[in-house]
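Q: Sequence below, structure please.
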Amino acid sequence: MKRLFDILFSSFILLLFFPFGLILSLLIVLESKGGIFYKQKRIGKDGNPFYLLKFRSMRTDADKLGKLTVGMRDPRITKIGYFIRKYKLDEFPQFINVLKGEMSIVGPRPDVKEYVDLYNSEQRKILLVKPGITDYASLEYFEESDLLAKSSNPEKTYIDEIMPAKIKLNQKYIANPTLWVDLKIIFLTAKRIISK
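A: You can find the predicted model right below:
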């Protein structure tokens, strides 16, 4: 049932978003050199890696200067990138990941290997389900990059404080992953984005 919902919902969103996605794609390539999409290797279900898709919001090779985004005024972010990040539009290509079966609409947000390697055995249980585009942690840490911008050591703050808190929220989700809970999280995510 969850897989069928993921396919139908993702197909609807991609068709609805397609014209706007074309405009964004044009603006991205006109502003800076590089492709339309940004691909980053993340860890998915059962610890299997996959490439998560996003609209490119930073200059090419920006992740070589760090994988965490520190504030919306991170100098690596392009002008159009600031706009698409503010409204979470950079996340829309992940519906393609959902159609490919690598992700679900709702589920624990996938992290990069270097952070997943820090999980303890209990925390690794979140890898038993497909990662998602949104979840309880996405709602709680909607302004994560701004929180990191206030830290004197963003990576330490992420590893010691934010990551464990997000994993606890992920554990809350996998303890009760019903369609009703998914619909509730989708609604709250859309509401939060619109309120921006």
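Q: How about Asn131: what's its closest non-neighbour residue?
A: Not quite, residue 131 is Pro, not Asn. Pro110 (3.6 Å; CB to CB, 6 or more residues apart in numbering). Placement of C-beta: from N, CA and C, glycine included.
Q: what's downstream of the longest helix along the chain, the next helix or strand?
A: In the chain, with assignment by DSSP state H, the single longest helix is helix 2-31. Beyond helix 2-31 on the C-terminal side, the first helix or strand identified by DSSP states H and E is strand 37-43.
Q: Which of the helices and strands in the protein ranks last by mean pLDDT?
A: helix 144-149 (a mean of 79; mean pLDDT, DSSP states H and E).
Q: Could you check that one and say which residues are buried?
A: 144-145, 147-149 (16 or more other CB atoms under 10 Å).
Q: same for it, what does it pack against?
A: helix 154-157 (3 or more CB pairs under 8 Å, 6 or more residues apart in numbering; DSSP states H and E).
Q: Give the next helix or strand downstream of the helix it packs on.
A: helix 163-174.
Q: tell me which residues in that following helix are buried?
A: 163, 166-167, 169-170, 173.
Q: Turn these into CSV, columns for pLDDT.
A: Converted to CSV, the buried residues of helix 163-174 look like this (pLDDT from 0 to 100):
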residue, pLDDT
Met163, 94
Lys166, 96
Ile167, 96
Leu169, 95
Asn170, 95
Tyr173, 94
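Q: so how far is Arg109 from the most centrally placed residue in the chain?
A: The residue lying closest to the centre of the chain (CA atoms, centre = their mean) is Ile133, at 5.5 Å. Separation of Ile133 from Arg109 (CB to CB, to the nearest Å): 8 Å.
Q: likewise Arg3?
A: 19 Å.
Q: picking that back up, quick check: the residue nearest to the centre of the chain is in a helix.
A: No - if the criterion is DSSP: H, G, I helix; E, B strand; the rest coil, then Ile133 is strand and not within a helix.
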